[in-house]
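Novice: got a predicted structure here, sequence first:
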Amino acid sequence: MQVWDVYHRVKTLGEGSFGSAHLGKHKRTKEERVIKVVEKSQAKLPVEDIEKEIMVLRQVDHPHIIRLHEWYEGSSKIYLVMDAIKGGTLREVLLRFQAEGAAVEETWSRSVMKQTLQAMAYCHGMRIIHKDLKDENVMLLKGARYLSFLCG
């Protein structure tokens with residue numbers, strides 16, 4: 001079974017050096033998920049290492065870490081099905097504050113930082129290291145949810 005047998009592609013969210021990201025809707029349950037498509041030929045790691053990292057990510061279960069629900073592998077691509085977080089990235093939100101000339105509330109900043117650090121502490125406790133921690137990789141919902149794509 002392939003990912004597009006299970007999910008309907010709603011829209012493309014972005015393109016990157018490793019592949020692309022799409023918003024998908026499960027055909028049966030109608031749940032929305034982000035589907036990251038990794039081009040095996042563009043990945044900086046051997047496919048076997050990517051698969052090991054996927055197995056580690058499947059074990060991650062923390063309220064501030066985006067969950068990897070399932071994955072599919074094709075001949076040239078790997079498909080990662082993750083939570084769809086619609087609050088934007090920390091960078092986007094901070095740039096919006098700046099553009100509007102609005103101050104960032106201290107309690108909000110503390111909350112985002114606390115939740116990000118809790119997620120990092122959890123990962124480190126599992127002996128997982130995030131290789132690309134930056135404001136673009138902190139996704140926001142009601143609180144900070146931490147994106148841990150390919151940390152291993």
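Specialist: Nice, thanks for sending it over.
Novice: measure how buried residue 128 is and give me the count.
Specialist: Neighbourhood size, residue 128 [other CB atoms under 10 Å]: 19. Where you see a C-beta, it was placed from the backbone N, CA and C, and this is true even at glycine.
Novice: cool, the one 5 residues further on as well?
Specialist: For residue 133, the count of nearby residues is 17 (other CB under 10 Å).
Novice: so where is this protein shaky, pLDDT-wise?
Specialist: Scanning the chain for pLDDT under 70 picks out the ranges 142-152.
Novice: looking at it, which residue ends up farthest from its center?
Specialist: residue 101 (28.9 Å; CA atoms, centre = their mean).
Novice: leaving out the residues flanking it, which one is nearest to residue 78?
Specialist: If the residues on either side of it in the chain are set aside, residue 78 comes closest to residue 38, at 4.4 Å by CB to CB, 6 or more residues apart in numbering.
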